[in-house]
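Here you go, sequence then predicted model.
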Amino acid sequence: MTKSGFQRLSRIVAGFSGRRIAVFGDMMLDRYVKGSVKRISPEAPVPVVRVHSESAVCGGSANVAVNLATLGAEPVLVSVAGMDAAAEELAGLLASAGVSSSSLVRSPEFPTIEKTRVIAEHQQVVRFDRETPGRISQGVKKAALASLASALKQGCEAVILSDYGKGLLEPDTIKAAVRLAAARQVPVFVDPKVEHFQLYRGVACITPNTMEAFGGMRLPQKDGQPAAEELGRKVMAKLGCRSLLITQGEHGMTLFTRRGASVAPVHIPTRAREVFDVTGAGDTVISTLALTWAAGASPEEAALAANFAAGIVVAKLGTASVTREELIESARSWIKAA
């Protein structure tokens, strides 16, 4: 990034405030049990974790919404939650982050999804999930789509589809959500699930990791940048999307955009840093990308901002978010290191 590029990005980030971005997808409550390990259990070959603290944060699409709010945007979260204690806890966490729960659909038949991670010495020891797959009824899905339609009618600059494969985003609702956005000429950004990958045709940008992209195209996984670029061109041809951002972990990201009849790849490297936890990094990437794009950035500028944000969040333990100040400082340090 050049100094002039940094100045432009700074202006774009300053314009994040108040931008309405709709988030449609699966939400959950992420719990963290943290402690230390001093011995192995005599009952089984597993570590004994002495618990020091417990906490809970927003997960899934709720974390996408929190990331948007932290960056200064006004997220409209459309999702499904139960009528249980976990849902109330989520609502409280959302409110604390400045995210409204008014567009959520509540269903007594759908237990709110909870994921509990046990972490010791900065390492995840085990995760256990509380969920009941396939419990979202057609009526509840229609209500969620109606809530999304209402949000779009009131004005949104982008729609993020946060697909965690938990039941809200299925073929019918995916197609309906994309149609609703297209009818109002609102760009759609997708964090995909492999089984739904080829349903996201014609969207503004899709952000799979390498494994998801190969899996979504039903291709055996290959290593190396040439293989990633060949894969990206195939995805662009298959889905007809305006752009594609393949995240590649420690190898950075590769953005694919259309240049007339051809597809141009741009590789964005990452900088070496200590990685504590990649949990929720995809949420940070999609939220930063969509918001930066909505604020007037080019696809290349939006992808670069998403790369900065991802580098920040993986250095934090647990599900986390990024502030505008952190984003600008990361871009500034990139210039200094160049």
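Nice, thanks for sending it over. Residues are numbered from 1 along each chain as shown.

Now do the contacts for the closest residue to Leu291 other than its chain neighbours.
In space, Leu291 comes closest to Ala73 once its chain neighbours are excluded; the distance is 5.3 Å by Cβ to Cβ, 6 or more residues apart in numbering. Using the backbone N, CA and C atoms, a C-beta is placed for each residue, glycine as well. By Cβ atoms under 8 Å, 6 or more residues apart in numbering, the contact list for Ala73 reads Phe16, Ser17, Gly18, Arg19, Arg20, Ile21, Leu291.

Any of the residues you listed buried? List them.
If you count burial by 16 or more other Cβ atoms under 10 Å, the buried members of the contacts of Ala73 come out as Phe16, Arg19, Arg20, Ile21, Leu291.

could the residues you listed be laid out in a markdown table, adding distance to Gly139?
Compiled in a markdown table, the buried ones among the contacts of Ala73 are given as follows (distance: Cβ to Cβ, whole Å):
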| residue | distance to Gly139 |
| --- | --- |
| Phe16 | 36 |
| Arg19 | 32 |
| Arg20 | 27 |
| Ile21 | 27 |
| Leu291 | 32 |
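
right, and out of these, which lies closest to Ala120?
Leu291 (34.7 Å; Cβ to Cβ).

element containing that closest one?
Leu291 is part of helix 281-294 when elements are defined by DSSP states H and E.

which residues touch the spatially most central residue of the chain?
For the chain, the residue nearest the mean C-alpha position is Asp283 (2.0 Å; Cα atoms, centre = their mean). Asp283 sits next to Gly60, Asn63, Val64, Asn67, Ser162, Asp191, Thr319 when contact means Cβ under 8 Å, 6+ apart.

these two touch, right, the second one and Val57?
Okay, so that is Asn63. Yes - Asn63 is within contact range of Val57, at 7.2 Å (criterion: Cβ atoms under 8 Å).

So these two - more neighbours on which side?
With neighbours defined as other Cβ atoms under 10 Å, Asn63 and Val57 compare such that Asn63 has more, 27 against 20.
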